[in-house]
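Trainee: prediction below, plus the sequence it came from.
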Amino acid sequence: MAVTVFGLTHVIAGIDFADVQRDLGLAFLVGVGVLLVVGAGVRFAGSMVVGFAVLVGFLERIHREPYTGTDVRAATAEAIRVLQSGQNIYGHVFQDTSPPGDPFGYPIGEPGFYWIHQIFFDRIDLADKLSGLLIVLLLAALAPIVGTTRAALATMVYGTYSMAARFAVDGSNDTSFSFLIVVGLVLLVYSQSTSTRLRWRPILFILSAVFLGWAILFKQFAWFLYPYIMLALRQRQERWVLHAGIAIGGSVLIMLPFFIGEPVGTFRVLSRTAIDRDIWGLNIWSILKSFNPSLVEPFTPFITLPSVILTLIVFVVQLPRIGGDIGAAVLRGLLVMGTLLITSVWTTFPYYTGASAILAVAIALYGAPGLATSVDEYPRTWDGLLPPRLIRTIRRSSDRLWGKAAGS
């Protein structure tokens with residue numbers, strides 16, 4: 001009931017009482033109806049709450065028009081044109097970056113993602129808006145796995161987050177990045193669900209590796225999350241070597257031609273930091289600067305290295321603590337990502353809105369029932385998909401590699 005009340009108050013807050021919008025007015029009536037159904041204890045009330053959460057999330061996003069004046073969107077469009085001409089984007093001198101001449105700041109998966117939208121919709125400015133809408137649906141789609149209560153809470157929290165809706169149309173790319181993470185995680189938990197048909201589980205497992213690998217190729221933030229997901233799969237006795245081989249190995253193979261063609265430019269992008277930026281955004285340094293600028297501004301050039309070291313420490317310290325709970329693993333990855341964000345010199349707000357979608361799916365998955373805990377529950381799912389000899393080789397390699405890691 002609390003989730004429904006929360007969504008209902010969000011709808012009421014958006015209504016113009018002098019001229020009630022028809023869609024919000026209808027949403028208000030739907031919310032009141034769902035509230036009555038929940039109060040009556042009807043059996044399907046949970047599903048109705050999930051549906052109401054989707055409705056609220058859609059209404060928050062559907063009417064927002066994209067803003068096309070950002071350098072991220074313009075640079076991505078230029079990168080697509082460069083790729084279409086057959087050139088290497090990491091050796092190209094960009095004119096639409098800010099300032100002009102700056103290198104393109106993302107791995108190849110980012111322009112590749114928007115290129116698909118360019119092909120099908122002849123525009124890329126709607127990509128993040130569509131990603132935000134799909135994230136709402138994906139969170140709701142977790143209901144058969146984690147239960148309607150968890151799915152409704154995650155969907156409503158993200159759906160009513162106005163800043164996430166706003167920054168899905170501001171020209172940043174963090175919503176699409178988080179979409180790839182969310183769809184990869186949803187596919188992964190469906191591949192492990194005891195309610196999923198056996199023959200579908202290996203297919204969903206591989207698709208999850210493809211999307212999480214795409215996220216690695218999209219933005220460097222994925223490296224804070226994927227190692228923990230990989231370790232969680234290992235703890236669950238899953239085929240983590242196969243998953244990592246597809247996600248990481250595929251990413252390396254795709255980036256390799258660009259690296260060979262422009263090694264310096266590619267490495268500069270992959271190791272990009274904010275060392276040359278001023279203090280800006282939501283981080284500990286900007287907060288301190290608001291009290292006394294002279295306290296932190298002289299040390300701006302020396303902040304990045306301690307920030308990176310602290311982030312690596314947080315990352316390493318948590319490695320032995322990773323269990324088989326995928327939601328907990330993602331939360332630990334977000335802790336590492338958050339450490340970097342709050343200690344960096346320059347932290348733009350879309351970073352946090354992108355993390356909000358990942359946080360929502362992690363909350364839904366944390367400690368969720370309905371997931372297989374051992375590969376022994378579905379060993380037959382891999383029969384026919386991969387040769388038995390290859391499966392045995394993967395198992396032996398996994399055990400040997402993990403044994404060396406555990407002994408070191």
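Mentor: Okay, I see it. Numbering: from 1, shown residues only.
Trainee: now do stretch 55-64: distance to the chain's middle.
Mentor: Distance, stretch centre to chain centre, for stretch 55-64: 20 Å (Cα atoms, centre = their mean, to the nearest Å).
Trainee: actually, stretch 199-213.
Mentor: Distance, centroid of stretch 199-213 to centroid of chain: 16 Å (Cα atoms, centre = their mean).
Trainee: what packs against the stretch of helix or strand residue 269 belongs to?
Mentor: Per DSSP states H and E: residue 269 is located in helix 263-270. Contact here means 3 or more Cβ pairs under 8 Å, 6 or more residues apart in numbering; DSSP states H and E; on that basis helix 263-270 packs against helix 250-261. (Each C-beta comes from the backbone N, C-alpha and C, glycine too.)
Trainee: list the contacts of the helix it packs on.
Mentor: Here helix 250-261 makes contact (Cβ atoms under 8 Å, 6 or more residues apart in numbering) with 88-91, 107-109, 209-210, 213, 216-217, 266-267, 270.
Trainee: run the last query once more with 10 Å
Mentor: 87-91, 107-109, 112, 209-210, 212-218, 222, 226, 244, 265-267, 269-270 (Cβ atoms under 10 Å, 6 or more residues apart in numbering).
Trainee: now the buried members of the residues you listed.
Mentor: 88-91, 107-109, 112, 209, 212-218, 222, 226, 244, 265-266, 269 (16 or more other Cβ atoms under 10 Å).
Trainee: coming back round to it: what's the following helix or strand after the helix holding residue 269?
Mentor: Downstream of helix 263-270, the next assigned helix or strand under DSSP H and E is strand 280-281.
Trainee: hey, where'd the helices end up in the stretch 301-408 of the chain?
Mentor: Assigned by DSSP state H, counting those that start in this stretch, the helices in the stretch 301-408 of the chain fall at 304-318, 326-343, 349-365, 388-407.
Trainee: residues contacting stretch 89-105, please?
Mentor: 70-83, 85, 106-108, 110-111, 173, 219-220, 255, 258-259, 261-270, 272.
Trainee: so what's residue 60 up against?
Mentor: Residue 60 neighbours (Cβ under 10 Å, 6+ apart): 10-11, 14, 132-133, 136, 158-162, 164-166, 168.
Trainee: check residue 188 too.
Mentor: Contact analysis of residue 188 by Cβ under 10 Å, 6+ apart lists 204-205, 207-209, 211-212, 229, 232-233, 238, 243, 326, 365, 371.
Trainee: if you set the cut-off to 7 Å instead, what comes out?
Mentor: 205, 208, 326 (Cβ atoms under 7 Å, 6 or more residues apart in numbering).
Trainee: helices of the stretch 151-300 of the chain, start to end?
Mentor: Under the criterion DSSP H, counting those that start in this stretch, helices of the stretch 151-300 of the chain are mapped to 162-166, 174-192, 201-218, 226-235, 240-244, 250-261, 263-270, 284-291, 293-296.
Trainee: that concludes my questions; thank you for your assistance.
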